[in-house]
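>>> Let me see the structure of the following:
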Amino acid sequence: MPPVTNSPPKENPESVYRSRLEARQAELNRLQRVDNRFSTFRGLTFLSGLALLIVAVQSASLSAWWLLLPLSVFLTLMVLHSTVVKRIERTQSAVNYYQRGLDRLNDNWSEAGVTGERYFDSEHMYSADLDLFGKRSLFQLLCSARTRLGEDTLAAWFISAANVQTIRDRQQAIQELVPAVDLREQLALLDAEVHDDLNQNQLIHWSQEPPHTLSFLVRMMAIVFATISTVSFFAWLVGFPATPLLISFTLQLIFLFFHRKSVHDIFHSTGQAGSGLEILTQVLSVIETAQFESPSLSELRTQLETEGKAPSKCISRLQSLIQGLTNSLQNQFYAPISLFLCLPIHYIHLIEKWRTQTGQKISYWLAAVGEFEAHCSLAGYAFEHPGDIVPEIVESGPTFIGTQLAHPLLSKKQVVRNDISLGKDLSLLMISGSNMSGKSTCLRTVGTNLVLALAGAPVNAKSLTVSPCQVATAMRVHDSLQDGESLFYAAIARLAAVVKHSQKQEPLLFLLDEILQGTNSHDRRIGAHSIIRSLIDSGAVGLVTTHDLALTHIVDELGQAAKNVHFEDRMVNGKMSFDYQMKPGVVERSNALELMRMMGLKLDETEL
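Residues are numbered from 1 along each chain as shown. The predicted structure is shown next:
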């Protein structure tokens, strides 16, 4: 399959969202006026019926049958009004959806969306350092999944690199979905309940367990007991003795008592498996009615094709059975009747029969849902960032050649772009610079765009060529009071993990921020040189930042494989300013003393 090529954006996302928001708001205003009229008519109908009732009671000349007229009108208005209320709720959801989209375009999204904190792992080789999960994270900005399946899939794409063909397939699928604004709105407006406790993965675990089938004899006994009890009940109603009813019902309770464990176990397991089935059914229905052209999406659609009922119908059937079993045991009005008819036995049989017939297909259906929602999340991000480009994915590496790179989480007003190239001819960029000049942001810019590229998403750059590779970072290193670790010990442990990672077969791109801070300059230089040399000798490429200008001499010892670059600051009218532009060479000045003075600290000038 040829690589995906970039094409100029066809639509401006802000104008699309704003026009749709205005249309939905106008429709909402219209429906609210209709709602008010229905409320008025219902009130007048009720008052008319009340007046007729008073007249009918006080006067024998008016038949009470006339009350059927206002009653029928009132009931009709109730049905029609409920339809309008549902449309109002859906339209209000559409208004909110497009308002959130405009908020994202205006960099006001930190209070909305799923943060993905459940995926945060401080031990992962790069996710914590690159702000992939948590508050104001990449996941929060991108994820629009309605199921846990979609969230899990998107998170998995962030924390593990795919191969070249998979990435290109994703790119093609995402580009197909970019203009599908109606499809994303349809998914967003699905009205099923969604919250963090709903986890469709439990359905996979349940479907893979061996079914607990009930024997034919047990099912027949349930039918016999229910039939005898029902006949005895109606016989008692017409005047027969209650003894047969009491005997049959007692035997029936004994029968259910002996099967209580099976009922309890299956009720407990299906209760967990039933988590989030309603929203799963609705998402499946959307996929089943969609048509795709890209191989990746077409394959997902194929996974949902069955010889019998559609997957959405099968899942809906399971949801109904689980709800029926729950009601038969817990509903205070329905449970007595269901026990009288032995319904729990029949529900168990039907549920286990469903698992036997359908369970093997569940994992494929749910995988398709997860991948579809992950594709839609990245397509929505691509639509809202028409200036981002589809990176070129190459086989040989590690390769990272980017022009006009910017961090995807920074506001458009704050972003500053830089060119960064690493690969066969250049393995290391040693970045020196003053405090707050942009060194750490530069590392995160490289890492975050690489994560997006390897997930198949567009990147915030003018051009980017990358190869599949592992990312390893040592940036936000913290000490641990509970584990008795000092900051320097934690930094060494992290660097050791990076070096160990580089010795694997996969190509590696490393990002090391303020390498070996916390020790003296002599030990830092020897240690940093050894670590960097080990990484480069293993074939890795990467960036290293430092305040210690002595470390910049490491570049001289590495020859053409390394290069010094820097960020700097300027003092303008007594204030410190930064241009955040990467420049060649070693920084010539530090702002540490200036910062101390600005904070009101008195310095001993004789020591300068």
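>>> ok so Asp419 is a strand residue?
Yes. Assigned with DSSP: H, G, I helix; E, B strand; the rest coil, Asp419 falls within a strand.
>>> Any idea how many residues pack against it?
Residues near Asp419, counting by other Cβ atoms under 10 Å, number 13. To be clear about C-beta, it is placed using only N, CA and C from the backbone, and glycine gets the same treatment.
>>> Ok, Ser411 next?
Close neighbours of Ser411, defined as other Cβ under 10 Å, add up to 10.
>>> My read is that it contacts Asn106, right?
No. The criterion here is Cβ atoms under 8 Å, and Ser411 misses it with Asn106 at 9.0 Å.
>>> Start and end of stretch 181-197, how far apart?
Taking Cα to Cα, to the nearest Å as the measure, stretch 181-197 stretches 28 Å from start to finish.
>>> Strands along the chain, start to end?
Applying DSSP state E to the chain gives strands spanning 392-393, 400-405, 418-422, 428-433, 463-466, 470-474, 508-512, 541-546, 562-567, 569-572, 575-578, 583-584.
>>> Which elements pack onto the first one?
Counting contacts by 3 or more Cβ pairs under 8 Å, 6 or more residues apart in numbering; DSSP states H and E, the secondary-structure elements packed against strand 392-393 are helix 164-177, strand 463-466.
>>> The shortest one pairs with which strands, parallel or anti?
Applying DSSP bridges, strand 463-466 is found paired with strand 392-393 (parallel), strand 400-405 (antiparallel).
>>> Would you pull up how far it lies from the middle of the chain?
Relative to its chain's centre, strand 463-466 lies at 26 Å (Cα atoms, centre = their mean, to the nearest Å).
>>> List the buried residues of it.
Neighbour counts over strand 463-466 (16 or more other Cβ atoms under 10 Å) mark Leu464, Thr465, Val466 as buried.
>>> Ok, which of the helices and strands packed on strand 392-393 comes nearest Leu452?
Closest to Leu452 of the helices and strands packed on strand 392-393, according to Cβ to Cβ: strand 463-466, at 9.3 Å.
>>> Run through who's touching that closest one.
Residues from elsewhere that reach strand 463-466 (Cβ atoms under 8 Å, 6 or more residues apart in numbering): 389, 391-394, 397, 399-405, 449-450, 453-454.
>>> What pLDDT does the model give the residue nearest to Gly402 when sequence neighbours are not counted?
Leaving aside its chain neighbours, Gly402 sits nearest to Leu464 (4.4 Å; criterion: Cβ to Cβ, 6 or more residues apart in numbering). Listed pLDDT for Leu464 reads 96.
>>> likewise Asp103?
pLDDT at Asp103 comes out at 92.
>>> now Glu485
We have a pLDDT of 55 for Glu485.
>>> Repeat that for the one 10 residues further on.
The score at Leu495 is 90. That number is its pLDDT.
>>> Likewise for the one 4 residues further on?
Among the per-residue scores, Val499 shows a pLDDT of 92.
>>> Next one: the closest residue to it other than its chain neighbours from Gln171, what distance?
Once flanking residues are discounted, Val499 sits nearest to Ser534: 5.4 Å by Cβ to Cβ, 6+ apart. Distance, Ser534 to Gln171, by Cβ to Cβ, to the nearest Å: 34 Å.
>>> Between these two, point out the one with more neighbours.
Counted by other Cβ under 10 Å, Ser534 and Gln171 do not tie: Gln171 has more neighbours, with 27 against 16.
>>> Let me know whether that one touches Val390 as I believe.
Yes. Look at Gln171 against Val390 with Cβ under 8 Å: they come within range, at 5.5 Å.
>>> burial of Asn29, as a residue count?
10.
>>> how about low-confidence regions in the stretch 101-250 of the chain?
Scanning the stretch 101-250 of the chain for pLDDT under 70 picks out the ranges 195.
>>> Specify the stretch among the strands paired with strand 463-466 that is closest to His522.
strand 400-405 (32.3 Å).
>>> So which bits of the closest one are buried?
Those buried within strand 400-405 under the rule 16+ other Cβ under 10 Å are Phe400, Ile401, Gly402, Leu405.
>>> of all the helices and strands packed on strand 392-393, which lies closest to Leu141?
Comparison of these against Leu141 by Cβ to Cβ identifies helix 164-177 as nearest, at 15.5 Å.
>>> can you list the residues that contact the closest one?
For helix 164-177, using Cβ under 8 Å, 6+ apart, the contacting residues are 1, 3-4, 157, 162, 183, 292-297, 375-376, 378-379, 382, 390, 393-395, 453-458, 467-468.
>>> try 7 Å
With contacts defined as Cβ atoms under 7 Å, 6 or more residues apart in numbering, helix 164-177 is touched by 1, 3-4, 292-297, 375-376, 378-379, 382, 390, 393, 395, 454, 456-457, 468.
>>> One more: stretch 180-192?
Stretch 180-192 is contacted by residues 16, 90, 93-94, 97, 144, 146, 278-279, 282-283, 286, 290, 376, 379-380, 383 when judged by Cβ under 7 Å, 6+ apart.
>>> For Tyr334, list the residues it contacts.
When contacts are counted by Cβ under 7 Å, 6+ apart, Tyr334 touches Asn327, Ser328.
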